[in-house]
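Undergrad: This is a predicted model, with the sequence first.
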Amino acid sequence: MHSDATIRQQNSDLTSRALGVLHRFYGYNSFYPLQFEAIQCVMQGNDAVVLMPTGGGKSLCFQIPALLSDGCTIVISPLLALMKDQVDNLQGMGIPAASVNSSQSDSFNREVIEQVYAGRIKLLYISPERLLAEIDQWSSMIKISLFAIDEAHCISQWGHDFRPEYTQLATLRQRFPGVPIMALTATADRLTRDDIARQLDIPNAKLFMTSFDRPNITLNVAGNVSGNDKMKMITRFIDSHSGESGIIYSLRRTDTEKMATRLRSLGYNAAAFHAGMPTREKEAVQAAFLNDEIPIICATIAFGMGINKSNVRWVIHSNMPKSIECYYQEIGRAGRDGMPATALMFYSFADVIALRSFAQESGQSSMNMNKLKRMQQYAESDVCRRRTLLSYFNERYDHDCGNCDVCLNPPERFDATVWCQMALSAIVRTNGSEGITAIIDILRGSARTDIVAKGYDKLRTYGVGRNVSFAAWNAYLLQMLHLGIIDVAYDDYNHLRVTPYGWEILKGSRQVMMSRFMPREHAAATPKNKAPRQATLQGTLQDMPPADKALFELLKKTRLEIARAHKVAPYIVFSDRVLDVIASQCPTTREEFASLYGVGEKKTEMYWRPFTNTVKNYLAEKSSK
Ligand code: ADP
Ligand code: ZN
């Protein structure tokens, strides 16, 4: 038995060793929440399940133990792109990491294994199928310090990304009883989470779960924006984020192509990405995005898994996603570095109808309809969006965030009974044989030929709502749908129908409150610096002076040149966050550079000259003006 004092002593030794490695290789001074606890758990030989959002710092939870232990940590990862990214990243910090994979020649892979035998590799990245096929050949030759199973949600059939190969990892515990296992995922889906430890057969694993909030992402929703206005809003949005990388998600493949073509014709550097494209083309687009050569990708959800790029600064959903899980995962690709990022989602009546029919046709229609309903509630919510999101994930969050469109621009509630009655009456008078566009046209007194041809211009309701815009009617009808006042006959050309509740309103026996429609002209143009740095960044940057924007841009250029010379992605050289620190602290000497947050020993040695030169030149030019 160890005495309490010995255990305390061991813990404090571990703390200082872990902090030492953190500082030396990564240039950080303190751990993010639960990182140290997870490290300690596997260092003591126990299994761990780590649930943290994207950007929460999961990788360090197994990288630090790898550096502190004898032998080699095996990291199991589902995708080549993810392995390459992490290996590049680690090598960039001077950490001996490698991967064996099918994109490398057999002889190269053999050489990697030789290096592992020789004890020269601390982290080995490998796919699950390859690991299980090969491990018997080499397990007796190496000391395995830890199995880290990244993207562990891939093991669950409940999840959105089930990979059958993952299920075989369940044998690891029995075959290697002495080697701790750490499973990591950013999934916020409860069913999937609960499944992980069971599937991996690690019932005694300790759970390390942090908040899934991503405070640095500003949340925006724009409802009922017509096609042209949507395009205008998107270009305005991109203009206000010029020079930054972002993703525009659409539901359909053709829409991604249309969007990219349209943006290019307007002079933006954009490309499409969807599963129907040839592999080579997809790889080229992805590489150009990672290397900051094409900043804007118009994509279906096929794009994203495997994108570790830390400086994605914004994500636009041009259609509403089918569930909150999908939405959260997709916006989560922005701002992994902890710097401010923006999410903007459009949603419309047409989206709701399209998604409802997908959901109804799917195998699990009632579950999918439910998920869609929750998504819609989020989109239409008039309380803080972050509260709505986190409550969906069963997380307590008891204040308004101050960093979403509702908090920044609260909607006004009003008695909308009369407006509802107008719309209901139009629906009744057309005998429930029209869809939303015709109903709005009638209300607004449109002279469209088919409206006139059907005699709708003779209806009592014709033109009663002409002083309300088309977009506003759209929004009110959507709210009516959502409130159960009207319904859509999906099996009958999406015609609108009045529900029993709607009849009560029409007869005047009930009142309705709704949110006043606000044109979303400026809703999404939330200034980036609105999110205060203190609130968004974990770590030690509280008292930093603001970064010099012009210098930041110059540093980005320096970073790009270095990245090209070394053939790595720019964010592998330094994250935006470190550039921000440089632009704020203006280091001009090696010592100053070395002491910066996020700059470890290897990067100091490699990069102090070019970056301090950029700073010095900038300062000299500024003072000579
Ligand atoms: P995840 O794998 O959970 O998405 P990462 O491990 O990639 O997150 O970490 C996200 C970013 O945060 C990276 O740039 C990483 O270097 C940084 N980071 C991780 N831990 C810390 C820490 N303790 N202090 C400062 N930055 C950290
Ligand atoms: Zn809010």
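TA: Perfect, thanks for sending it. Ligands and ions are numbered 1, 2, ... in the order given.
Undergrad: tell me how far the helix or strand harbouring residue 172 is from the chain's mean position?
TA: Taking DSSP states H and E as the definition, one finds residue 172 inside helix 172-175. On the basis of CA atoms, centre = their mean, to the nearest Å, helix 172-175 sits 33 Å off its chain's mean C-alpha point.
Undergrad: now that helix: mean pLDDT?
TA: Averaged over helix 172-175, pLDDT sits at 93.
Undergrad: Give me the buried positions along that helix.
TA: For helix 172-175, a neighbour-count test (16 or more other CB atoms under 10 Å) marks 172, 173 as buried. To be clear about C-beta, it is placed using only N, CA and C from the backbone, and glycine gets the same treatment.
Undergrad: Could you identify the helix or strand that succeeds the helix or strand of the chain with the lowest mean pLDDT?
TA: The least trusted helix or strand in the chain, going by mean pLDDT, DSSP states H and E, turns out to be helix 533-536, with a mean of 40. Using DSSP H and E, the helix or strand that directly follows helix 533-536 along the chain is helix 549-566.
Undergrad: what about dumping the CA coordinates of that following helix to CSV?
TA: C-alpha atoms of helix 549-566 as CSV (Å, rounded to 0.1, in the frame of the first residue of the first chain):
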residue,chain,number,x,y,z
LYS,A,549,-4.8,44.1,-37.6
ALA,A,550,-2.4,45.2,-40.3
LEU,A,551,0.4,43.3,-38.6
PHE,A,552,-1.8,40.3,-38.3
GLU,A,553,-2.3,40.3,-42.1
LEU,A,554,1.5,40.5,-42.7
LEU,A,555,2.1,37.7,-40.3
LYS,A,556,-0.4,35.6,-42.2
LYS,A,557,1.7,36.2,-45.4
THR,A,558,4.9,35.2,-43.6
ARG,A,559,3.1,32.0,-42.4
LEU,A,560,1.9,31.2,-45.9
GLU,A,561,5.5,31.5,-47.3
ILE,A,562,6.9,29.3,-44.6
ALA,A,563,4.1,26.7,-45.1
ARG,A,564,4.7,26.6,-48.8
ALA,A,565,8.4,26.2,-48.3
HIS,A,566,7.9,23.3,-45.8
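Undergrad: Give me the residues contacting it.
TA: Under the contact criterion CB atoms under 8 Å, 6 or more residues apart in numbering, helix 549-566 has outside partners 243, 291-292, 569-570, 572-574, 579-580, 582-583, 586, 607, 610-611, 614-615, 618.
Undergrad: Of the residues you listed, just the buried ones, PyMOL syntax please.
TA: Buried residues among the contacts of helix 549-566 (16+ other CB under 10 Å), as a PyMOL selection:
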select buried, resi 291+292+569+570+572+573+574+579+580+582+583+586+607+610+611+614+615+618
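Undergrad: which ones among the contacts of helix 549-566 come in contact with ligand 1?
TA: The subset of the contacts of helix 549-566 within reach of ligand 1, by CB under 6 Å from any ligand atom, is empty.
Undergrad: got a list of contacts for the helix holding residue 172?
TA: 47, 147, 179, 181, 200, 201, 202.
Undergrad: Just to be careful, could you list which of these are in strands?
TA: In strands, defined here by DSSP state E, the members of the contacts of helix 172-175 are 147, 181.
Undergrad: Close to ligand 1: what parts of the stretch 251-400 of the chain are there?
TA: Going by CB under 6 Å from any ligand atom, the residues of the stretch 251-400 of the chain near ligand 1 are 310, 336, 337, 338.
Undergrad: The second one and ligand 2, how far apart?
TA: Going from residue 336 to ligand 2 by CB to the ion, to the nearest Å gives 21 Å.
Undergrad: Cross-check the contact I'm expecting between that residue and residue 308.
TA: Yes. Counting by CB atoms under 8 Å, residue 308 is a contact partner of residue 336 at 7.4 Å.
Undergrad: I'd like the contacts of helix 172-175 laid out as a markdown table, including distance to ligand 1 and pLDDT.
TA: Output for the contacts of helix 172-175, formatted as a markdown table (distance: CB to the nearest ligand atom, whole Å; pLDDT from 0 to 100):
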| residue | distance to ligand 1 | pLDDT |
| --- | --- | --- |
| 47 | 19 | 97 |
| 147 | 17 | 98 |
| 179 | 22 | 96 |
| 181 | 17 | 98 |
| 200 | 19 | 94 |
| 201 | 24 | 93 |
| 202 | 20 | 94 |
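Undergrad: sorry, back to before: residue 336 and residue 308: which is more packed in?
TA: residue 336 (24 against 21; other CB atoms under 10 Å).
Undergrad: and that one, what helix or strand is that in?
TA: Going by DSSP H and E, residue 336 is not in any helix or strand.
Undergrad: contacting residues around it?
TA: Residue 336 neighbours (CB under 8 Å, 6+ apart): 54, 55, 308, 309, 310, 311, 312.
Undergrad: Many thanks, I have nothing further to ask.
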